[in-house]
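In: I would like the atomic coordinates for the input below:
(one chain, ligands or ions: 2)
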Amino acid sequence: MKPSVILYKALPDDLLARLEHHFTVTRVDDLSPETVAQHADAFASAEGLLGSSEKVDSALLEKMPGLRATSTVSVGYDNFDVDALTQRGILLMHTPTVLTETVADTMMTLVLATARRALEVADRVKNGEWTGSIGPDWFGIDVHHKTLGIVGMGRIGLALAQRAHFGFSMPVLYNARSHHREAEERFNARYCDLDTLLAESDFVCVVLPLTEETRHKFGKAQFARMKNSAIFINAGRGPVVDEQALIDALKSGEIHAAGLDVFEQEPLPADSELLKLPNVVALPHIGSATHETRYNMAACAVDNLIDALQGKVEKNCVNPQVLK
Ligand SMILES: NC(=O)C1=CN([C@@H]2O[C@H](COP(=O)(O)OP(=O)(O)OC[C@H]3O[C@@H](n4cnc5c(N)ncnc54)[C@H](OP(=O)(O)O)[C@@H]3O)[C@@H](O)[C@H]2O)C=CC1
Ligand SMILES: O=CC(=O)O
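Out: Ligands and ions are numbered 1, 2, ... in the order given. Below is the predicted model of the structure:
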């Protein structure tokens, strides 16, 4: 008999067929208690779980006593209680690498859009305000040759450094828990403590995972250390930033602008003060959202689950200690 799997995300037809070739698949809309109760037998017998953007915690795991592997269609895994999974001997698989270049492109989009005020002035054109030669109140600031600070020099940070160094001749500063020789040798990146990076960067680009150490790592004190001309970019996770402190810093002129792909609450509430600020570019968490990359992530997640349930895990495992 094929192992049973719960699927809580829509997949392209060919990938669904691949999954169904290996497993008996129960498709659900979400992992809410109501959905779990409605499909109680399927959850109770499931050996695998595949999807994204839903909390997987102890309460859910209680309902899934046969679970052996979870596979998320994302690289970030802050929605998962990793300790609870590991204690129960359940593998957690994720999708690093396949989305790296696309997310770095998104970050560069935010750098350019904020610096050149692309959305703001495009709106003026649409509103019929381009009625003569534009003046300095339409101007932006240069990106090329400015200093770009990267907080989180992992896979995506490295791809961002490549773009900044080769594409825009930008000096690159970085901060992470450890030194990254590849970034230093290939992109001339300079390791800094966080305070130095904040003080010296024209663009502060954050691409950190959400953990207990990174939650609210950026607050009033960090924005105060930045230049008044600094532009703050966040494509890691919203709660890495104290959003109210960011709003205050933007309103008071402590920093110049912000480009954000992630927020403390997603979707961003329509009444968020961020949406009222002309110096904010807010994107709806589209870091990896291209047709090609989202397909590749889904394919990776399907293959990861097949590998995990067949005992063939060689990569993409968050808690490999379960295998020992
Ligand atoms: N907006 C979007 O759509 C997307 C957002 N993301 C987010 O980006 C994150 C990073 O992805 P990726 O680059 O692949 O991950 P990596 O694991 O490759 O990189 C993470 C980096 O963060 C650093 N880091 C972690 N904790 C700390 C800390 N406490 N202090 C300083 N640095 C720290 C790591 O340091 P060290 O190298 O020293 O270990 C590493 O350099 C994901 O976890 C996810 O949250 C990812 C994809 C899309
Ligand atoms: O936010 C997206 C991810 O893959 O993590």
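In: who in the stretch 51-200 of the chain is up against ligand 2?
Out: Residues of the stretch 51-200 of the chain lying close to ligand 2 by C-beta under 6 Å from any ligand atom are 74-76, 99. C-betas here are computed from N, CA, C, even on glycine.
In: which of these sit farthest apart?
Out: Farthest-apart pair in those is Gly76 and Leu99; separation 10.1 Å (C-beta to C-beta).
In: Near the residue nearest to Asp81 when sequence neighbours are not counted, how many other residues are there?
Out: Spatial nearest neighbour of Asp81, chain neighbours left out: Asp57 (4.7 Å); criterion: C-beta to C-beta, 6 or more residues apart in numbering. Other residues near Asp57 come to 14 when the count uses other C-beta atoms under 10 Å.
In: And Thr106, how close does it get to Pro96?
Out: Using C-beta to C-beta, to the nearest Å, we find Thr106 at a distance of 16 Å from Pro96.
In: These two: which is more packed in?
Out: Thr106 (23 against 17).
In: Can you tell me the SS state at the more buried one?
Out: helix (DSSP: H, G, I helix; E, B strand; the rest coil).
In: Now do the contacts for whichever residue of the stretch 1-150 of the chain sits closest to ligand 1.
Out: Relative to ligand 1, the nearest point of the stretch 1-150 of the chain is Gly76 (3.2 Å; C-beta to the nearest ligand atom). Residues counted as contacts of Gly76 (C-beta atoms under 8 Å, 6 or more residues apart in numbering) are 94, 209-210, 237.
In: cool, Thr86 as well?
Out: 92, 319, 321-322.
In: which of those lies closest to ligand 1?
Out: Nearest member of those to ligand 1, counting by C-beta to the nearest ligand atom, is Leu92, at 13.1 Å.
In: sorry, back to before: just the buried residues of the contacts of Gly76.
Out: 94, 210, 237 (16 or more other C-beta atoms under 10 Å).
In: Just the pLDDT for the second one.
Out: Each residue has a pLDDT score; the one for Leu210 is 98.
In: That one: what secondary structure?
Out: Relying on three-state DSSP, one would call Leu210 coil.
In: can I assume it is in contact with Asn234?
Out: No. Using C-beta atoms under 8 Å, Leu210 is not in contact with Asn234, being 11.1 Å away.
In: how close does the nearest residue to Asn79 once chain neighbours are set aside get to Pro65?
Out: In space, and not counting its chain neighbours, Asn79 is closest to Lys55: 5.4 Å by C-beta to C-beta, 6+ apart. Separation of Lys55 from Pro65 (C-beta to C-beta) stands at 18 Å.
In: roughly how far is whichever strand or helix holds Asp195 from the heart of the chain?
Out: Here Asp195 sits within helix 194-200, counting by DSSP states H and E. Remark: helix 194-200 is offset 23 Å from the chain centroid, using C-alpha atoms, centre = their mean, to the nearest Å.
In: From the rest of the structure, what touches that helix?
Out: Contacts for helix 194-200 (C-beta under 8 Å, 6+ apart): 147, 149, 151, 173-175, 192, 204, 222, 225-227, 230.
In: okay, it in CSV with CA atoms only?
Out: This file holds the C-alpha atoms of helix 194-200, laid out as CSV (Å, rounded to 0.1, in the frame of the first residue of the first chain):
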residue,chain,number,x,y,z
LEU,A,194,26.4,45.3,12.9
ASP,A,195,26.8,48.8,14.4
THR,A,196,29.6,49.6,11.9
LEU,A,197,27.5,48.2,9.0
LEU,A,198,24.5,50.3,10.0
ALA,A,199,26.6,53.5,10.3
GLU,A,200,28.5,53.1,7.0
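In: what sits against the residue nearest to the spatial centre of the chain?
Out: The chain has Gly236 as the residue nearest its centroid, 4.3 Å off, counting by C-alpha atoms, centre = their mean. Listed by C-beta under 8 Å, 6+ apart, the contact partners of Gly236 are 152, 206-210, 214, 262.
In: hang on, the earlier thing: so which of the contacts of helix 194-200 are in strands?
Out: Applying DSSP state E to these, the entries found in strands are 149, 151, 173-175, 204.
In: Is it possible to get CSV of those that adds distance to Ile255?
Out: Converted to CSV, the ones in strands among the contacts of helix 194-200 look like this (distance: C-beta to C-beta, whole Å):
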residue, distance to Ile255
Gly149, 13
Val151, 15
Leu173, 16
Tyr174, 19
Asn175, 17
Val204, 8
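In: For ligand 2, state which of the residues you listed is nearest.
Out: Distances from ligand 2 to those, taken by C-beta to the nearest ligand atom, are shortest for Val151, at 16.3 Å.
In: That closest one and Val206 touch, don't they?
Out: Yes. The pair Val151 / Val206 is scored as a contact, 4.7 Å apart, by C-beta under 8 Å.
In: Which residue does this protein have closest to ligand 1?
Out: For the chain, C-beta to the nearest ligand atom, closest residue to ligand 1: Gly154, 1.7 Å.
In: circling back to that earlier point, quickly list what's touching both of Leu210 and Asn234.
Out: Val240.
In: and the stretch 101-250 of the chain, which of its residues are near ligand 1?
Out: Looking at ligand 1, the residues of the stretch 101-250 of the chain close enough under C-beta under 6 Å from any ligand atom are 103, 152-157, 176-178, 207-211, 213-214, 235-237.
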